[in-house]
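Visitor: okay, predicted coordinates and the sequence, questions at the end:
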Amino acid sequence: MMSRTSRHGPAPGTPRRGPGTAPRHDRDARRRRLPLRFLLPLVILLAMMGMLMLRGYVHSEILADHRVRPEAATDKVPQKILDGGPVIDTRGGRTTSLGVPDHRLVLTFDDGPDPAWTPKVLDVLKANHAHAVFFVTGTMASRHPELIERMVREGHEVGLHTFSHPDLSYQSKSRIDWELSQNQLALEGAAGIRSSLFRPPYSSFADAMDDKSWPVTQYVGTRGYITVVNNTDSEDWQKPGVDEIIRRATPKGGKGAIVLMHDSGGDRHQTVQALAEFLPRLQRQGYEFQNLTEALDAPSANTPVTGLDLWKGKAWIFLVQASEKTTDVLVVGIAIIGVLVFTRFGMMLLLSALHARRVRRKDFRWGAAPVTEPVTVLVPAYNEAKCIENTVNSLMASEHPVEIIVIDDGSADGTARIVEDMHVPNVRVVRQANAGKPAALNRGIANASHDIIVMMDGDTVFEPATVRELVQPFADPKVGAVAGNAKVGNRDSLIGAWQHIEYVMGFNLDRRMYDLLRCMPTIPGAVGAFRRTALERVGGMSDDTLAEDTDITMALHRDGWRVVYAENARAWTEAPESVQQLWSQRYRWCYGTMQAIWKHRGALVERGPSGRFGRVGLPLVSLFMVLAPLLAPLIDVFLLYGVVFGPTQKTILAWLGVLAIQAVCAAYAFRLDKERMTHLISLPLQQILYRQLMYVVLLQSWITALTGGRLRWQKLRRTGVVGAAPGSVPQQRASDSGNERRPVG
């Protein structure tokens with residue numbers, strides 16, 4: 001449950017440290033310690049990448065080698081091996097081979113286990129009381145351990161077919177050891193056994209052994225393995241038909257044989273059907289279907305493992321299963337984010353176009369007559385000495401009559417004195433002890449003289465027409481609040497350009513969409529207007545959340561007021577100019593939005609306007625502003641994985657497709673706002689870098705919310721770089737020196 005947060009500045013009387021006066025040990029500790037907000041997302045990201053890498057490993061997407069060596073000479077292979085049986089023993093320096101006695105058949109199945117076909121093969125074997133040998137790959141055994149356990153339980157033998165199915169004649173001895181040990185690890189974890197049987201990938205009859213594969217067979221023998229090839233190939237992988245598979249699998253003249261079949265690697269329905277006919281037919285001819293050691297009257301090739309080896313195997317299976325499930329969840333997540341992203345883009349383009357078409361008609365009017373009565377502009381200020389003069393000057397140039405109230409919230413930098421020293425008419429300064437922005441705004445509302453109240457930040461400047469455009473929707477008595485068009489004034493830096501794109505595309509297109517849907521979630525603190533009666537009915541500004549602007553907007557919706565967007569009410573604000581400052585701001589916004597959603601969750605079950613907002617607005621805000629950004633990094637995770645491990649071309653094309661759609665939306669938003677398209681050059685870099693920062697912010701907000709943490713107010717450092725709105729030159733109005741206004745309060 002979300003906790004109420006502390007959002008005040010330093011308590012009155014608390015000593016303030018100047019820059020660079022923090023205790024040395026505190027500064028050293030900060031340098032040594034990675035902040036939790038970065039550590040947790042980093043750990044989660046590394047865990048996700050680790051799970052993806054493990055999944056890619058067990059799906060033969062990573063470190064797999066699919067080369068197959070062509071036939072080579074056979075002059076180095078002993079003739080008795082070439083002329084011998086399919087069981088080759090090179091252990092302890094031996095060079096011997098064995099065949100299967102007459103009327104005994106050893107069915108062998110390669111490349112499994114497969115979740116679709118292996119159970120069907122096992123069912124047929126069980127129904128006919130037959131045993132077999134399954135030469136499994138480590139990748140498949142790790143993913144489907146329950147099938148290995150069933151094989152062993154039902155009396156079958158399990159052999160090694162390497163971990164990732166490479167041609168071992170291309171591999172080094174260390175790679176061969178690794179393939180075998182990983183294959184054994186999977187068997188240990190799946191069924192608690194080790195096996196001494198080995199079948200090389202791409203192997204055939206004994207007489208196909210050549211100078212490249214024979215050294216591998218010799219080396220494998222030194223590691224304690226018996227190599228098992230075959231002398232009867234069903235060639236079921238070619239799908240020649242059931243009758244043909246049976247014909248090829250049947251030995252001549254009652255001879256014993258090792259029969260090669262497959263239970264994985266594709267559609268094996270012909271294999272299953274052939275097996276169901278083959279087993280009873282040859283059993284009637286006197287054949288026995290046994291595993292290899294039964295046929296050779298030898299001790300079992302599968303031996304149990306205990307102790308550390310068993311637990312290592314179980315740990316491996318656990319990790320693989322976890323990676324499979326995690327990847328499944330990630331795939332679902334990326335599907336969800338894909339739907340959300342494209343749905344949002346579609347809604348933004350369609351509804352913003354409809355909104356622009358509606359409000360830009362020549363005959364469009366908010367009411368019978370334009371709003372001309374004076375309004376009160378509230379400017380809450382806490383340590384805004386670098387910006388406040390520009391803010392007040394821009395208001396003094398307003399084309400609409402305004403009363404200006406600057407509420408100094410316990411500033412320590414002389415903000416209030418700067419305003420007082422300007423000696424401008426219609427400006428009052430209200431002083432109060434530091435109590436936070438909501439308290440400052442409520443203090444301003446109490447001192448306001450007019451029924452329409454405009455709110456702005458102390459680092460923002462208005463155009464001369466901003467107030468006039470902002471208040472016109474109040475000609476409609478159903479309108480309780482109006483959102484203006486906030487713009488980034490310091491957009492010349494790279495981080496400023498990224499925020500500029502976000503403001504124009506992410507905020508203003510959204511506001512057009514939400515306006516038509518009548519569920520605007522936020523009146524921006526930089527430029528918004530309210531009907532005084534609407535504010536009074538919902539109890540004024542609340543300090544229950546860190547996003548008082550979102551909180552009050554949702555409260556107005558629940559009270560039945562309309563909240564609309566005025567595109568021509570432009571305000572120019574100073575955006576954060578460092579990553580740290582940007583993080584602080586977005587952390588507050590994000591966490592505050594989550595708090596507001598939680599606070600107003602009761603609207604979901606209410607009736608009337610509140611219920612409509614709860615069942616339309618809250619889900620949209622939750623999906624588009626909380627869930628979608630949280631899942632968005634999955635796109636980048638899969639992009640990175642796809643680029644490195646493939647399919648590279650398809651991955652890049654998919655990402656470029658998403659980027660193209662974003663570029664179209666951004667270009668349309670810039671066109672609506674009459675902005676230069678040159679800033680969109682940085683859009684690809686924004687998607688790669690900027691979105692990751694937003695992900696960190698959102699993830700940390702989730703962690704704070706779920707753990708009930710408390711987030712303190714963090715004041716952004718201002719530079720005063722936004723001196724005036726572009727295209728306007730605010731002039732300070734002359735004042736009567738004898739009419740100096742005194743602070744109120």
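Guide: Now that the structure is in, tell me what you want to look at. Here the structure is a predicted model, which is why all the values come from computation and not from measurement. Residues are numbered from 1 along each chain as shown.
Visitor: what about residue 506, distance to residue 624?
Guide: According to C-beta to C-beta, to the nearest Å, residue 506 and residue 624 sit 10 Å apart. (Glycine included, C-beta is placed from N, CA and C.)
Visitor: what's the answer for residue 366, then?
Guide: Distance of residue 366 to residue 624, given as C-beta to C-beta: 27 Å.
Visitor: those two: which is more packed in?
Guide: A count of neighbours by other C-beta atoms under 10 Å puts residue 624 above the other of residue 366 and residue 624, at 21 against 18.
Visitor: does that one really touch residue 340, like I thought?
Guide: Yes - assessed by C-beta atoms under 8 Å, residue 624 is found in contact with residue 340 at 6.8 Å.
Visitor: where do the helices of the stretch 51-200 of the chain begin and end?
Guide: Taking DSSP state H, counting those that start in this stretch, the helices of the stretch 51-200 of the chain run over residues 79-82, 118-127, 138-143, 145-153, 173-191.
Visitor: same question but for the stretch 251-400 of the chain, I mixed them up
Guide: In the stretch 251-400 of the chain, the segments counted as helices under DSSP H, counting those that start in this stretch are 269-284, 292-295, 307-359, 388-396.
Visitor: mean pLDDT lowest for which of the ones you listed?
Guide: Lowest mean pLDDT within these: helix 307-359, a mean of 88.
Visitor: which SS class is residue 649?
Guide: Following DSSP: H, G, I helix; E, B strand; the rest coil, the label given to residue 649 is helix.
Visitor: and it, how far from residue 664?
Guide: For residue 649, the distance to residue 664 - C-beta to C-beta - is 23 Å.
Visitor: what does residue 469 give?
Guide: Here residue 469 is placed at a distance of 28 Å from residue 664 (C-beta to C-beta).
Visitor: next one: residue 386
Guide: Per C-beta to C-beta, residue 386 is found 38 Å from residue 664.
Visitor: so which of those two has more stuff around it?
Guide: Neighbour count, other C-beta under 10 Å: between residue 386 and residue 664, residue 386 has more, with 18 against 12.
Visitor: could I get the phi/psi values of the more buried one?
Guide: Dihedral pair for residue 386: phi -80, psi -20, per degrees, to the nearest 10.
Visitor: and residue 117, what is it in contact with?
Guide: Contact analysis of residue 117 by C-beta atoms under 8 Å, 6 or more residues apart in numbering lists 263, 264, 268, 269, 271, 272.
Visitor: same list (the residues you listed) but as CSV, adding distance to residue 295 and neighbour count.
Guide: Below are the contacts of residue 117 laid out as CSV (distance: C-beta to C-beta, whole Å; neighbours: other C-beta atoms under 10 Å):
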residue, distance to residue 295, neighbour count
263, 19, 29
264, 23, 22
268, 24, 26
269, 28, 13
271, 21, 26
272, 23, 18
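Visitor: skipping its backbone neighbours, what lies nearest residue 450 in space?
Guide: Distances taken as C-beta to C-beta, 6 or more residues apart in numbering place residue 376 nearest to residue 450, at 4.6 Å, with adjacent residues excluded.
Visitor: with residue 548 instead?
Guide: Nearest one to residue 548, counting by C-beta to C-beta, 6+ apart, is residue 438 at 4.6 Å.
Visitor: what about the one you found, helix or strand, and which?
Guide: Applying DSSP states H and E as the criterion places residue 438 in helix 437-447.
Visitor: by contact count, what packs against that helix?
Guide: When contacts are defined as 3 or more C-beta pairs under 8 Å, 6 or more residues apart in numbering; DSSP states H and E, helix 437-447 packs onto strand 375-381, strand 402-409, strand 427-432, strand 452-455, helix 548-558.
Visitor: how about it: buried residues?
Guide: By neighbour count on 16 or more other C-beta atoms under 10 Å, the buried set for helix 437-447 is 437, 438, 439, 440, 441, 442, 443, 444, 445, 447.
Visitor: just put these in CSV and tack on distance to residue 611 and pLDDT.
Guide: What follows is these, written out as CSV (distance: C-beta to C-beta, whole Å; pLDDT from 0 to 100):
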residue, distance to residue 611, pLDDT
437, 30, 91
438, 26, 93
439, 31, 93
440, 33, 94
441, 28, 95
442, 28, 95
443, 33, 96
444, 32, 95
445, 28, 96
447, 35, 95
